[in-house]
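J.: sequence? don't have it. structure:
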């Protein structure tokens, strides 16, 4: 599903070269549930942006489901994102003036799905996350946990190959956080590939495989650092 080979990412910050990723190599098979865990400044957000086709590496190669995406144009990256990846963000990223149903429909609008079909698919996605009675509520009428479930429904609605969850419990209380993790584990049990980005080691332990990132380098759990 995901193959990264010697990925680097270098930024220029006030004339200083910053090496955010330093030769990252990682393979994730279809159907895995993998957590990438690391502290602030470790490079996990940069890695998430590259895996999610939101950014391109400075060097190295990246394949996503047999597509080499490391050198694609912005338009082609946008198409890959829309068709292959479902995003779940810490801050939910819901449009405040739209209902839950309308928020879930958005990815299908960009894909050109007819109105009647996308409405049906969005309703089914909200039912899957237990929000069939909140479809016409706007984000400010929902709890944090409910907003994140709307975000998960939005991630699911296009039937993506990969669910990419970036700190999905970061803005939630412990009860809502457990509900969100239960949903992600349920999606994995149904055969989805789930990649979780987190700084929380307790959250990371709920994945079947854990990879640590520190100072732009990866370390599989159990490896010895020399």
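T.: Received, thanks. All values reported here derive from a predicted model rather than from experimental measurement.

J.: residue closest to the middle of the protein?
T.: Nearest to the geometric centre of the chain sits residue 164, at 1.9 Å (Cα atoms, centre = their mean).

J.: contacting residues for the closest residue in space to residue 136 that isn't next to it in sequence?
T.: Distances taken as Cβ to Cβ, 6 or more residues apart in numbering place residue 99 nearest to residue 136, at 4.9 Å, with adjacent residues excluded. Every residue, glycine included, has its C-beta placed from N, CA and C. Neighbouring residues of residue 99 by Cβ atoms under 8 Å, 6 or more residues apart in numbering: 135-138.

J.: of all the residues you listed, which comes closest to residue 11?
T.: Checking the contacts of residue 99 against residue 11 by Cβ to Cβ gives residue 138 as the nearest, at 36.9 Å.

J.: quick one: residue 144 and residue 169 touch, right?
T.: No. Under the criterion of Cβ atoms under 8 Å, residue 144 makes no contact with residue 169, lying 9.8 Å away.

J.: So which bits of the helix ranked longest in the chain are buried?
T.: When the chain is parsed with DSSP state H, its longest helix is helix 174-189. By 16 or more other Cβ atoms under 10 Å, the buried positions in helix 174-189 come out as 176-177, 179-181, 183-184, 187-188.

J.: which of residue 144 and residue 169 has more neighbours?
T.: More crowded of residue 144 and residue 169, by other Cβ atoms under 10 Å: residue 169, with 25 against 16.

J.: Leaving aside the residues adjacent along the chain, what's closest to that one?
T.: Ranked by Cβ to Cβ, 6+ apart and with sequence neighbours excluded, the top spatial neighbour of residue 169 is residue 177, at 3.6 Å.

J.: Now the element after the longest helix of the chain, going C-ward?
T.: strand 193-198 (DSSP states H and E).

J.: contacts for that next one?
T.: Strand 193-198 has contacts (Cβ under 8 Å, 6+ apart) with 1-2, 28-37, 44-45, 47-48, 51, 161-170, 184, 187-188, 203-204, 207.
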